[in-house]
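Engineer: Need a 3D model of the sequence below.
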Amino acid sequence: MIRNPIRLGKGRGLLTLALLLATALVISACAGARAAPSGAVSTTAEMAKTAAAGEPSPNATAQPQAQNPNSRLDCTAIAKANQDFGTSLAQMVNLTPNTDYSAFTDPSSPVYLDFARLRGELNTLATLPDPTDPVELIFGKPSESITYFRQLVDIAESDVKAQGKPFKETNTSGQKVIGIDSPWLKEFSPFALAMDKACPGFTLPTDTPLSNQATNQVGQTAILGDLHVTLDKVATVPGELGNLPSPGNRFVFVSVTIENTGKTTLATNSVAQSYLKDAAGHQYYFEPNAIMLSATHPINGDVAPGTSTSGTIGYQLPTTAGDLIWIVEDNASHRAVFAVKVSDIVAVGTPISAPTDAAMRTSVAATSAALIEMSHSADATDAALTAKPGTPEPTETLQPTDTPEPTNTPSP
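Structural biologist: Numbering: from 1, shown residues only. Got it, this is the predicted structure:
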(Lines give C-alpha, C1' and ligand atoms only; values in the text may rest on other atoms or scores of the structure.)
Protein backbone atom coordinates (compact mmCIF):
# COMPACT_ATOMS: atom_id res chain seq x y z
CA MET A 1 0.00 0.00 0.00
CA ILE A 2 1.38 3.42 -0.90
CA ARG A 3 1.91 5.28 2.33
CA ASN A 4 1.66 9.05 2.42
CA PRO A 5 4.52 10.45 4.53
CA ILE A 6 2.95 13.91 4.52
CA ARG A 7 0.48 14.94 7.18
CA LEU A 8 -2.79 15.67 5.42
CA GLY A 9 -3.89 19.22 6.15
CA LYS A 10 -6.75 21.21 4.72
CA GLY A 11 -6.39 21.78 1.00
CA ARG A 12 -2.84 20.41 0.82
CA GLY A 13 -3.20 16.72 1.71
CA LEU A 14 -5.13 15.61 -1.36
CA LEU A 15 -2.74 17.38 -3.70
CA THR A 16 0.27 15.86 -1.98
CA LEU A 17 -1.22 12.38 -2.07
CA ALA A 18 -2.00 12.80 -5.76
CA LEU A 19 1.60 13.82 -6.40
CA LEU A 20 2.89 10.73 -4.63
CA LEU A 21 0.54 8.45 -6.52
CA ALA A 22 1.54 10.01 -9.83
CA THR A 23 5.20 9.64 -8.90
CA ALA A 24 4.73 5.96 -8.11
CA LEU A 25 3.03 5.33 -11.45
CA VAL A 26 5.66 7.16 -13.44
CA ILE A 27 8.59 5.47 -11.70
CA SER A 28 6.88 2.09 -11.99
CA ALA A 29 6.50 2.57 -15.73
CA CYS A 30 10.17 3.40 -16.15
CA ALA A 31 11.38 0.71 -13.79
CA GLY A 32 9.40 -2.12 -15.31
CA ALA A 33 7.96 -3.25 -11.97
CA ARG A 34 6.55 -6.78 -12.13
CA ALA A 35 3.64 -8.51 -10.48
CA ALA A 36 5.51 -11.80 -10.56
CA PRO A 37 9.22 -12.62 -11.09
CA SER A 38 10.03 -11.90 -14.72
CA GLY A 39 13.04 -13.98 -15.62
CA ALA A 40 15.90 -13.04 -13.40
CA VAL A 41 14.51 -10.97 -10.57
CA SER A 42 16.39 -7.89 -11.69
CA THR A 43 17.18 -4.58 -10.05
CA THR A 44 13.76 -2.93 -9.85
CA ALA A 45 14.78 -1.19 -6.63
CA GLU A 46 17.83 0.35 -8.28
CA MET A 47 15.77 1.38 -11.32
CA ALA A 48 13.24 3.16 -9.08
CA LYS A 49 15.96 5.14 -7.31
CA THR A 50 17.86 6.05 -10.48
CA ALA A 51 14.64 7.07 -12.25
CA ALA A 52 13.82 9.40 -9.38
CA ALA A 53 17.32 10.85 -9.59
CA GLY A 54 17.05 11.39 -13.35
CA GLU A 55 19.74 8.83 -14.16
CA PRO A 56 19.56 5.97 -16.68
CA SER A 57 18.46 2.62 -15.24
CA PRO A 58 21.25 0.01 -15.06
CA ASN A 59 21.03 -3.35 -16.82
CA ALA A 60 21.57 -6.16 -14.38
CA THR A 61 23.25 -9.43 -15.31
CA ALA A 62 21.37 -12.24 -13.61
CA GLN A 63 23.20 -15.17 -12.07
CA PRO A 64 21.03 -18.23 -11.36
CA GLN A 65 21.05 -19.29 -7.73
CA ALA A 66 18.88 -21.37 -5.43
CA GLN A 67 19.49 -19.38 -2.28
CA ASN A 68 20.64 -15.85 -1.58
CA PRO A 69 24.06 -16.19 0.08
CA ASN A 70 23.68 -12.82 1.80
CA SER A 71 20.61 -13.73 3.83
CA ARG A 72 18.73 -16.58 5.39
CA LEU A 73 15.80 -16.16 3.03
CA ASP A 74 14.77 -19.11 0.88
CA CYS A 75 14.66 -17.27 -2.44
CA THR A 76 13.41 -20.31 -4.36
CA ALA A 77 10.46 -20.77 -2.00
CA ILE A 78 9.67 -17.04 -2.11
CA ALA A 79 9.78 -16.89 -5.92
CA LYS A 80 7.52 -19.94 -6.25
CA ALA A 81 5.10 -18.58 -3.65
CA ASN A 82 4.95 -15.26 -5.51
CA GLN A 83 4.31 -17.07 -8.79
CA ASP A 84 1.68 -19.50 -7.46
CA PHE A 85 -0.18 -16.97 -5.33
CA GLY A 86 -0.32 -14.59 -8.31
CA THR A 87 -2.02 -17.28 -10.40
CA SER A 88 -4.74 -17.88 -7.81
CA LEU A 89 -5.05 -14.17 -7.05
CA ALA A 90 -6.32 -13.52 -10.57
CA GLN A 91 -9.06 -16.10 -9.96
CA MET A 92 -10.09 -14.68 -6.59
CA VAL A 93 -10.40 -11.04 -7.67
CA ASN A 94 -12.67 -12.10 -10.55
CA LEU A 95 -15.27 -13.71 -8.26
CA THR A 96 -18.80 -12.31 -8.63
CA PRO A 97 -22.25 -13.17 -7.22
CA ASN A 98 -23.00 -15.00 -10.51
CA THR A 99 -19.77 -17.01 -10.72
CA ASP A 100 -20.05 -20.79 -11.17
CA TYR A 101 -18.30 -21.77 -7.93
CA SER A 102 -18.32 -25.54 -8.44
CA ALA A 103 -14.97 -25.58 -10.25
CA PHE A 104 -13.22 -23.79 -7.38
CA THR A 105 -13.98 -26.63 -4.94
CA ASP A 106 -13.03 -29.54 -7.24
CA PRO A 107 -9.34 -30.55 -6.79
CA SER A 108 -9.29 -31.89 -10.37
CA SER A 109 -10.42 -28.53 -11.77
CA PRO A 110 -7.88 -26.24 -13.49
CA VAL A 111 -9.16 -23.35 -11.33
CA TYR A 112 -9.32 -25.17 -7.96
CA LEU A 113 -8.57 -22.83 -5.06
CA ASP A 114 -6.57 -24.51 -2.29
CA PHE A 115 -6.93 -21.95 0.49
CA ALA A 116 -4.63 -23.79 2.89
CA ARG A 117 -1.88 -23.64 0.26
CA LEU A 118 -2.58 -19.95 -0.40
CA ARG A 119 -2.19 -19.12 3.29
CA GLY A 120 1.08 -21.05 3.36
CA GLU A 121 2.34 -19.04 0.37
CA LEU A 122 1.46 -15.80 2.16
CA ASN A 123 3.45 -17.02 5.19
CA THR A 124 6.43 -17.55 2.88
CA LEU A 125 6.06 -14.09 1.31
CA ALA A 126 5.80 -12.63 4.82
CA THR A 127 9.51 -13.43 5.31
CA LEU A 128 10.39 -10.61 2.89
CA PRO A 129 11.70 -7.54 4.74
CA ASP A 130 10.08 -4.13 4.34
CA PRO A 131 12.12 -1.50 2.44
CA THR A 132 13.70 1.42 4.25
CA ASP A 133 14.63 3.59 1.26
CA PRO A 134 12.16 6.52 0.88
CA VAL A 135 11.76 5.96 -2.88
CA GLU A 136 11.18 2.22 -2.49
CA LEU A 137 8.61 2.92 0.21
CA ILE A 138 6.48 4.68 -2.41
CA PHE A 139 5.68 1.23 -3.83
CA GLY A 140 4.52 -0.08 -0.44
CA LYS A 141 5.55 -2.58 2.21
CA PRO A 142 5.25 -6.39 1.90
CA SER A 143 4.05 -6.58 5.51
CA GLU A 144 1.04 -4.36 4.74
CA SER A 145 0.30 -6.29 1.55
CA ILE A 146 0.35 -9.56 3.51
CA THR A 147 -2.32 -8.19 5.86
CA TYR A 148 -4.42 -7.11 2.88
CA PHE A 149 -4.15 -10.47 1.08
CA ARG A 150 -4.91 -12.50 4.21
CA GLN A 151 -8.20 -10.62 4.42
CA LEU A 152 -8.78 -11.19 0.69
CA VAL A 153 -8.19 -14.95 1.05
CA ASP A 154 -10.58 -15.16 4.02
CA ILE A 155 -13.34 -13.36 2.09
CA ALA A 156 -12.74 -15.37 -1.10
CA GLU A 157 -12.96 -18.63 0.86
CA SER A 158 -16.20 -17.42 2.46
CA ASP A 159 -17.65 -16.64 -0.98
CA VAL A 160 -16.62 -20.00 -2.41
CA LYS A 161 -18.09 -21.93 0.53
CA ALA A 162 -21.33 -19.93 0.32
CA GLN A 163 -21.44 -20.24 -3.49
CA GLY A 164 -21.70 -16.46 -3.61
CA LYS A 165 -24.95 -16.42 -1.61
CA PRO A 166 -24.47 -14.04 0.12
CA PHE A 167 -21.56 -12.51 -1.78
CA LYS A 168 -18.93 -10.53 0.14
CA GLU A 169 -16.39 -8.22 -1.45
CA THR A 170 -15.25 -5.90 1.35
CA ASN A 171 -13.19 -6.37 4.49
CA THR A 172 -14.18 -5.31 8.00
CA SER A 173 -13.01 -1.75 7.25
CA GLY A 174 -15.30 -1.49 4.24
CA GLN A 175 -12.41 -1.65 1.73
CA LYS A 176 -13.21 -3.54 -1.47
CA VAL A 177 -10.86 -6.51 -1.86
CA ILE A 178 -12.76 -8.68 -4.37
CA GLY A 179 -13.19 -7.36 -7.91
CA ILE A 180 -10.94 -6.39 -10.79
CA ASP A 181 -11.35 -2.74 -9.69
CA SER A 182 -9.95 -3.50 -6.21
CA PRO A 183 -6.35 -2.46 -5.39
CA TRP A 184 -4.98 -6.02 -5.81
CA LEU A 185 -2.34 -5.03 -8.37
CA LYS A 186 -1.00 -2.17 -6.24
CA GLU A 187 -0.88 -4.45 -3.21
CA PHE A 188 0.91 -7.22 -5.13
CA SER A 189 3.70 -4.99 -6.49
CA PRO A 190 5.76 -4.67 -3.23
CA PHE A 191 6.63 -8.39 -3.35
CA ALA A 192 8.63 -8.11 -6.58
CA LEU A 193 10.49 -5.02 -5.35
CA ALA A 194 11.35 -6.70 -2.04
CA MET A 195 12.54 -9.82 -3.89
CA ASP A 196 14.81 -7.66 -6.05
CA LYS A 197 16.36 -6.28 -2.88
CA ALA A 198 16.56 -9.47 -0.81
CA CYS A 199 17.46 -11.91 -3.62
CA PRO A 200 19.53 -9.90 -6.14
CA GLY A 201 20.12 -11.67 -9.45
CA PHE A 202 17.92 -14.62 -8.50
CA THR A 203 16.17 -16.81 -11.07
CA LEU A 204 14.26 -20.04 -10.59
CA PRO A 205 16.33 -23.13 -11.48
CA THR A 206 16.04 -24.43 -15.02
CA ASP A 207 14.27 -27.76 -15.32
CA THR A 208 13.88 -29.54 -18.67
CA PRO A 209 15.98 -28.38 -21.66
CA LEU A 210 14.14 -25.92 -23.89
CA SER A 211 14.21 -28.05 -27.07
CA ASN A 212 12.57 -31.02 -25.31
CA GLN A 213 9.53 -29.10 -24.06
CA ALA A 214 7.70 -27.51 -27.02
CA THR A 215 4.87 -29.59 -28.47
CA ASN A 216 2.97 -26.79 -30.25
CA GLN A 217 3.77 -23.95 -32.64
CA VAL A 218 2.37 -20.46 -33.19
CA GLY A 219 -1.03 -20.84 -34.85
CA GLN A 220 -1.75 -24.24 -33.28
CA THR A 221 -4.22 -25.24 -30.55
CA ALA A 222 -3.40 -27.00 -27.27
CA ILE A 223 -5.90 -28.78 -25.01
CA LEU A 224 -5.98 -28.04 -21.27
CA GLY A 225 -8.91 -30.10 -20.04
CA ASP A 226 -12.05 -28.41 -21.36
CA LEU A 227 -10.12 -25.32 -22.44
CA HIS A 228 -8.71 -25.24 -25.97
CA VAL A 229 -6.00 -22.59 -26.22
CA THR A 230 -4.78 -21.28 -29.58
CA LEU A 231 -1.63 -19.15 -29.78
CA ASP A 232 -2.68 -16.80 -32.60
CA LYS A 233 0.25 -14.40 -32.75
CA VAL A 234 3.33 -13.11 -30.91
CA ALA A 235 4.31 -9.48 -31.49
CA THR A 236 6.56 -6.75 -30.18
CA VAL A 237 4.81 -3.53 -29.18
CA PRO A 238 6.60 -0.17 -28.78
CA GLY A 239 6.27 1.66 -25.50
CA GLU A 240 4.58 4.98 -25.01
CA LEU A 241 5.47 8.20 -23.21
CA GLY A 242 5.44 7.43 -19.50
CA ASN A 243 5.28 3.70 -20.14
CA LEU A 244 8.54 2.44 -21.61
CA PRO A 245 10.20 -0.92 -21.10
CA SER A 246 13.43 -0.98 -19.08
CA PRO A 247 16.54 -0.14 -21.15
CA GLY A 248 17.53 -3.15 -23.23
CA ASN A 249 14.05 -4.69 -22.91
CA ARG A 250 10.93 -4.75 -25.07
CA PHE A 251 7.23 -5.41 -24.65
CA VAL A 252 6.05 -8.68 -26.20
CA PHE A 253 2.34 -9.41 -26.62
CA VAL A 254 0.87 -12.89 -26.98
CA SER A 255 -2.51 -13.04 -28.76
CA VAL A 256 -4.63 -16.05 -27.80
CA THR A 257 -8.08 -17.54 -28.38
CA ILE A 258 -9.62 -19.65 -25.61
CA GLU A 259 -12.54 -22.00 -26.27
CA ASN A 260 -14.56 -23.76 -23.56
CA THR A 261 -15.66 -27.20 -24.80
CA GLY A 262 -17.05 -28.26 -21.41
CA LYS A 263 -20.45 -27.92 -19.76
CA THR A 264 -19.62 -25.37 -17.05
CA THR A 265 -18.31 -21.82 -17.14
CA LEU A 266 -14.53 -21.73 -16.73
CA ALA A 267 -12.14 -18.94 -15.75
CA THR A 268 -9.38 -17.96 -18.15
CA ASN A 269 -6.97 -16.88 -15.41
CA SER A 270 -4.63 -19.86 -15.85
CA VAL A 271 -3.97 -18.66 -19.40
CA ALA A 272 -3.50 -15.07 -18.27
CA GLN A 273 -0.88 -16.28 -15.76
CA SER A 274 1.16 -18.11 -18.41
CA TYR A 275 4.79 -17.18 -19.00
CA LEU A 276 7.54 -16.99 -21.59
CA LYS A 277 10.87 -18.73 -21.11
CA ASP A 278 14.17 -18.37 -22.95
CA ALA A 279 16.89 -20.91 -23.70
CA ALA A 280 18.80 -19.90 -20.54
CA GLY A 281 15.79 -20.83 -18.40
CA HIS A 282 14.79 -17.26 -17.48
CA GLN A 283 11.04 -16.95 -17.01
CA TYR A 284 9.04 -13.83 -17.95
CA TYR A 285 5.60 -13.31 -16.45
CA PHE A 286 2.71 -10.96 -17.13
CA GLU A 287 3.88 -7.33 -17.18
CA PRO A 288 1.44 -5.01 -15.30
CA ASN A 289 2.54 -1.92 -17.26
CA ALA A 290 1.47 -3.61 -20.51
CA ILE A 291 -2.17 -3.14 -19.47
CA MET A 292 -1.80 0.61 -19.96
CA LEU A 293 -0.55 0.30 -23.55
CA SER A 294 -3.06 1.11 -26.30
CA ALA A 295 -2.36 -2.24 -28.01
CA THR A 296 -3.65 -4.30 -25.10
CA HIS A 297 -6.91 -6.29 -25.33
CA PRO A 298 -7.59 -7.95 -21.94
CA ILE A 299 -8.98 -11.47 -21.91
CA ASN A 300 -12.44 -11.90 -20.39
CA GLY A 301 -12.31 -13.50 -16.93
CA ASP A 302 -14.88 -16.24 -17.71
CA VAL A 303 -15.80 -18.20 -20.83
CA ALA A 304 -19.21 -19.85 -20.99
CA PRO A 305 -19.73 -23.42 -22.28
CA GLY A 306 -19.56 -23.65 -26.07
CA THR A 307 -18.12 -20.14 -26.46
CA SER A 308 -14.68 -18.64 -26.98
CA THR A 309 -12.88 -15.43 -26.12
CA SER A 310 -9.74 -13.74 -27.47
CA GLY A 311 -7.29 -11.23 -26.11
CA THR A 312 -3.66 -10.39 -25.40
CA ILE A 313 -1.18 -10.95 -22.58
CA GLY A 314 1.76 -8.56 -22.30
CA TYR A 315 5.28 -9.38 -21.13
CA GLN A 316 8.59 -7.53 -20.82
CA LEU A 317 11.85 -9.27 -21.69
CA PRO A 318 15.33 -8.50 -23.04
CA THR A 319 15.64 -7.75 -26.75
CA THR A 320 18.39 -10.40 -26.85
CA ALA A 321 16.22 -13.19 -25.42
CA GLY A 322 16.27 -15.17 -28.69
CA ASP A 323 13.98 -18.18 -29.28
CA LEU A 324 11.31 -18.64 -26.61
CA ILE A 325 8.68 -21.03 -25.40
CA TRP A 326 5.25 -20.01 -24.11
CA ILE A 327 4.03 -22.20 -21.23
CA VAL A 328 0.41 -22.54 -20.10
CA GLU A 329 -0.52 -24.71 -17.13
CA ASP A 330 -3.34 -24.98 -14.62
CA ASN A 331 -4.04 -26.35 -11.15
CA ALA A 332 -5.10 -29.73 -12.56
CA SER A 333 -1.61 -30.41 -13.99
CA HIS A 334 -2.69 -29.72 -17.58
CA ARG A 335 0.24 -28.17 -19.42
CA ALA A 336 0.92 -26.93 -22.94
CA VAL A 337 4.18 -25.61 -24.37
CA PHE A 338 4.42 -23.55 -27.57
CA ALA A 339 7.67 -22.93 -29.44
CA VAL A 340 8.15 -19.25 -30.36
CA LYS A 341 11.07 -18.66 -32.70
CA VAL A 342 12.55 -15.24 -33.27
CA SER A 343 11.21 -15.39 -36.83
CA ASP A 344 7.68 -15.93 -35.45
CA ILE A 345 7.66 -12.60 -33.59
CA VAL A 346 6.22 -9.76 -35.66
CA ALA A 347 6.46 -6.01 -35.03
CA VAL A 348 3.27 -4.05 -34.37
CA GLY A 349 3.19 -0.25 -34.41
CA THR A 350 5.95 2.20 -35.19
CA PRO A 351 9.24 1.39 -33.42
CA ILE A 352 10.67 4.11 -31.20
CA SER A 353 14.08 5.31 -32.38
CA ALA A 354 17.01 5.41 -29.97
CA PRO A 355 17.11 9.26 -29.79
CA THR A 356 13.34 9.43 -29.18
CA ASP A 357 13.58 6.71 -26.55
CA ALA A 358 16.37 8.59 -24.75
CA ALA A 359 14.43 11.87 -24.88
CA MET A 360 11.27 10.20 -23.49
CA ARG A 361 13.20 8.60 -20.62
CA THR A 362 14.86 11.91 -19.77
CA SER A 363 11.49 13.66 -19.73
CA VAL A 364 9.88 11.03 -17.50
CA ALA A 365 12.85 10.94 -15.12
CA ALA A 366 12.80 14.75 -14.82
CA THR A 367 9.05 14.70 -14.15
CA SER A 368 9.52 12.02 -11.47
CA ALA A 369 12.25 14.03 -9.75
CA ALA A 370 10.13 17.20 -9.88
CA LEU A 371 7.09 15.46 -8.41
CA ILE A 372 9.13 13.99 -5.56
CA GLU A 373 10.69 17.39 -4.86
CA MET A 374 7.22 18.98 -4.81
CA SER A 375 5.99 16.36 -2.33
CA HIS A 376 9.04 16.95 -0.10
CA SER A 377 8.45 20.71 -0.28
CA ALA A 378 4.81 20.27 0.69
CA ASP A 379 5.89 18.07 3.59
CA ALA A 380 8.29 20.74 4.82
CA THR A 381 5.61 23.42 4.53
CA ASP A 382 3.13 21.36 6.48
CA ALA A 383 5.74 20.72 9.17
CA ALA A 384 6.51 24.44 9.44
CA LEU A 385 2.86 25.36 9.73
CA THR A 386 2.42 22.74 12.45
CA ALA A 387 5.44 24.00 14.41
CA LYS A 388 4.54 27.72 14.09
CA PRO A 389 0.84 28.13 13.55
CA GLY A 390 -0.15 31.55 12.35
CA THR A 391 -1.89 34.07 14.59
CA PRO A 392 -5.60 33.59 14.21
CA GLU A 393 -7.44 36.50 12.72
CA PRO A 394 -9.53 38.41 15.33
CA THR A 395 -13.17 37.64 15.18
CA GLU A 396 -15.53 40.49 14.55
CA THR A 397 -17.37 41.73 17.64
CA LEU A 398 -20.98 42.41 16.96
CA GLN A 399 -22.11 45.86 18.03
CA PRO A 400 -25.37 46.11 19.97
CA THR A 401 -28.29 47.07 17.87
CA ASP A 402 -29.99 50.42 18.33
CA THR A 403 -32.56 50.53 21.11
CA PRO A 404 -35.99 51.04 19.54
CA GLU A 405 -37.71 54.31 20.31
CA PRO A 406 -40.54 53.97 22.82
CA THR A 407 -43.99 54.16 21.36
CA ASN A 408 -46.51 56.71 22.66
CA THR A 409 -49.01 55.20 25.02
CA PRO A 410 -52.47 56.61 24.35
CA SER A 411 -54.10 58.52 27.27
CA PRO A 412 -56.98 56.86 29.01
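
Engineer: Let me see the ranges of the helices in the protein.
Structural biologist: For the chain, applying DSSP state H gives helices covering 13-31, 44-52, 75-93, 115-125, 134-137, 142-161, 184-198, 269-272, 354-387.

Engineer: contacts for stretch 256-265?
Structural biologist: For stretch 256-265, the surrounding residues in contact (Cβ atoms under 8 Å, 6 or more residues apart in numbering) are 99-100, 102-103, 225-232, 266, 268, 271, 299, 302-313. Bear in mind the C-beta positions are built from the backbone N, C-alpha and C, glycine included.

Engineer: give me that answer again for 6 Å
Structural biologist: 100, 226-232, 266, 268, 271, 302-305, 308-310 (Cβ atoms under 6 Å, 6 or more residues apart in numbering).

Engineer: that older thread, by mean pLDDT, show me the worst of the helices of the chain.
Structural biologist: Mean pLDDT values for the helices of the chain show the minimum at helix 13-31, a mean of 35.

Engineer: Give the ChimeraX command for selecting the buried subset of the contacts of stretch 256-265.
Structural biologist: Here is the ChimeraX command that selects the buried residues among the contacts of stretch 256-265 (16 or more other Cβ atoms under 10 Å):
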select :100,226,227,228,229,230,231,232,266,268,271,302,303,309
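
Engineer: Which ones among the contacts of stretch 256-265 lie within strands?
Structural biologist: The strands, defined by DSSP state E, take in 227-232, 266, 302-303, 308-310 from those.

Engineer: need those in JSON lines with pLDDT and distance to residue 340, can you?
Structural biologist: Shown next, in JSON lines, are the ones in strands among the contacts of stretch 256-265 (pLDDT from 0 to 100; distance: Cβ to Cβ, whole Å):
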{"residue": "227", "pLDDT": "87", "distance to residue 340": "20"}
{"residue": "228", "pLDDT": "91", "distance to residue 340": "19"}
{"residue": "229", "pLDDT": "93", "distance to residue 340": "14"}
{"residue": "230", "pLDDT": "95", "distance to residue 340": "14"}
{"residue": "231", "pLDDT": "96", "distance to residue 340": "8"}
{"residue": "232", "pLDDT": "96", "distance to residue 340": "12"}
{"residue": "266", "pLDDT": "81", "distance to residue 340": "25"}
{"residue": "302", "pLDDT": "82", "distance to residue 340": "27"}
{"residue": "303", "pLDDT": "87", "distance to residue 340": "23"}
{"residue": "308", "pLDDT": "93", "distance to residue 340": "22"}
{"residue": "309", "pLDDT": "92", "distance to residue 340": "21"}
{"residue": "310", "pLDDT": "93", "distance to residue 340": "18"}
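
Engineer: Show me which of those residues is closest to residue 146.
Structural biologist: When those are compared for distance to residue 146 (Cβ to Cβ), residue 302 wins out at 28.3 Å.

Engineer: ok, residue 275 touching residue 285?
Structural biologist: Yes. Residue 275 lies in contact with residue 285 (Cβ atoms under 6 Å); the separation is 4.8 Å.

Engineer: Nearest spatial neighbour of residue 306, chain-adjacent residues omitted?
Structural biologist: Of all residues not flanking residue 306 in the chain, residue 260 sits nearest, at 6.8 Å (Cβ to Cβ, 6 or more residues apart in numbering).

Engineer: how far away is that neighbour from residue 232?
Structural biologist: The gap separating residue 260 from residue 232 is 17 Å, by Cβ to Cβ, to the nearest Å.

Engineer: And stretch 234-252, what's buried?
Structural biologist: 234-240, 242-247, 249-252.

Engineer: how about low-confidence regions in the stretch 251-400 of the chain?
Structural biologist: Applying pLDDT under 70 to the stretch 251-400 of the chain picks out residues 270, 272-273, 330-333, 349-371, 373, 375-376, 378-380, 382-400.

Engineer: repeat that for 90
Structural biologist: 262-274, 279-283, 285-304, 328-336, 348-400 (pLDDT under 90).

Engineer: Next up, the contacts around the nearest residue to residue 170 once chain neighbours are set aside.
Structural biologist: Closest residue to residue 170 apart from its sequence neighbours, by Cβ to Cβ, 6+ apart: residue 176 at 5.3 Å. By Cβ under 6 Å, 6+ apart, residue 176 lies in contact with 169-170, 182.

Engineer: count of neighbours near the residue nearest to residue 91 when sequence neighbours are not counted?
Structural biologist: If the residues on either side of it in the chain are set aside, residue 91 comes closest to residue 269, at 4.6 Å by Cβ to Cβ, 6+ apart. For residue 269, the neighbour count with other Cβ atoms under 10 Å is 22.

Engineer: these two touch, right, residue 336 and residue 222?
Structural biologist: Yes. Between residue 336 and residue 222 there is a contact under Cβ under 6 Å: 3.3 Å.

Engineer: And for residue 263, the neighbour number?
Structural biologist: Neighbours of residue 263 using other Cβ under 10 Å come to 9.

Engineer: what's the spacing between it and residue 139?
Structural biologist: 43 Å.

Engineer: number of nearby residues for the nearest residue to residue 151 once chain neighbours are set aside?
Structural biologist: Leaving aside its sequence neighbours, residue 151 sits nearest to residue 171 (Cβ to Cβ, 6+ apart; 4.4 Å). For residue 171, the count of nearby residues is 17 (other Cβ under 10 Å).

Engineer: what about residue 171, distance to residue 153?
Structural biologist: 11 Å.

Engineer: Kind regards, and thank you for your time.
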